[in-house]
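Undergrad: Predicted model and sequence follow; I will ask about them next.
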Amino acid sequence: MILVLNLNASVDKKYKINNIEKGTVMRAFNVDNTAGGKGLHVANVATTLGEDALVTGFLGGYTGSFIRDKLCEMNIKNDFVSIKNTTRECLAFITEDLEQTEILEPGPELIEGELDQFLDKYRRLIKDSSIVVASGSIPKNLSTDIYKNLIEIAKESNKKFLLDTSGDLLINGIEAKPFFIKPNKDEIEYIIGRKIETTEDVLKEIDEFHKKGIEFVVVSLGKDGSIAGYRGEKYRIKVPKVKAVNPVGSGDAFVGGISVGIERGYDIEKILSFATACGTSNVLEEETGIVNIETVNQIMKEVEVLKL
């Protein structure tokens, strides 16, 4: 089973409007409310692709109930800790030029005992899992060491841990040597404190991650694909050109593809082409964190994975 951690889920509210003008009344002509969070997208992709996946974390209040109901509708297995405070909402305003402006709430505070409940649940769920995927942000009063601690627990049980986060959560998580990370150029620059300007710079930093004990590193280059390092070998992944409908969530779909590829025992080149096809399939969908299996299979034939 693929165990997915989404510690700071949200109700994602997407508003389509003509334009954004400060200090005026703006009317939306379309509104969508969905269960949001990077981990929820990963779990949805893995489930859609036919794998056994379960998502856990914290949910509270009417928004938490909304998310639970949506996950059940989508047949996504879930086992969340119920908390006193209310799960956050995140707003996205999409104008006619397809520019997206987002307002992200910080998330609820946990009260005494709720983290311990989660850790007990995590230790129980991990026994039946082969892979753990942790994605996104955390409730605002949790320590930025939380992923580091969860990685250490997973390693005690000899489980592969895939970490997709940023900032101090990523920096601290790296100390525990997760199996996989997926930073983009900006996130690497934040970690090392200097600019990444060339492919050689990217390759050098992948080597540094390998030296720290991280076996699998993918550096996202957006529409230009990605560069991956796996146990000392390097790969350049080129994506086919497509007409994007909604690029949000493509990174989550990619991570979902990575987890499924590992679960199925694919070789590294097939894992990379499969995950890239998942990420590309997502940009062709209106809804975030969605893939179409037929589309994935077609795009996979067009992805180039070049060993460097």
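TA: That came in fine, so what should we check first?

Undergrad: mind listing the helices in this structure by residue range?
TA: Counting by DSSP state H, the chain has helices at residues 38-48, 61-73, 114-126, 146-156, 167-175, 185-192, 199-211, 250-263, 268-283, 293-300.

Undergrad: most packed of these?
TA: For the helices of the chain, average neighbour numbers computed from mean count of other C-beta atoms under 10 Å are highest in helix 38-48, which has a mean of 28. Using the backbone N, CA and C atoms, a C-beta is placed for each residue, glycine as well.

Undergrad: picking that back up, can I get the helices of the chain in TSV with distance to Leu3?
TA: Shown next, in TSV, are the helices of the chain (distance: least, C-beta to C-beta, whole Å):
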stretch	distance to Leu3
helix 38-48	9
helix 61-73	15
helix 114-126	6
helix 146-156	9
helix 167-175	16
helix 185-192	24
helix 199-211	23
helix 250-263	10
helix 268-283	18
helix 293-300	22
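
Undergrad: Val81: which of those helices is closest?
TA: Nearest of these to Val81, taken as C-beta to C-beta: helix 114-126 at 4.7 Å.

Undergrad: Give me the residues contacting that closest one.
TA: 3, 5, 7, 54, 56-58, 79, 81, 83-84, 132, 142, 150, 153-154, 157, 159 (C-beta atoms under 8 Å, 6 or more residues apart in numbering).

Undergrad: of these, buried ones?
TA: The neighbour count (16 or more other C-beta atoms under 10 Å) marks 3, 5, 7, 54, 56-58, 81, 83, 132, 142, 150, 153-154, 159 as buried among the contacts of helix 114-126.

Undergrad: what's the farthest-apart pair in those residues?
TA: Within those, Ile83 and Lys159 form the most distant pair, 25.2 Å apart (C-beta to C-beta).

Undergrad: Lowest average confidence across the helices of the chain, which one?
TA: The minimum mean pLDDT among the helices of the chain belongs to helix 185-192 (a mean of 89).

Undergrad: What helices and strands are in contact with that helix?
TA: Packing partners of helix 185-192 (3 or more C-beta pairs under 8 Å, 6 or more residues apart in numbering; DSSP states H and E): helix 167-175, helix 199-211, strand 216-220.
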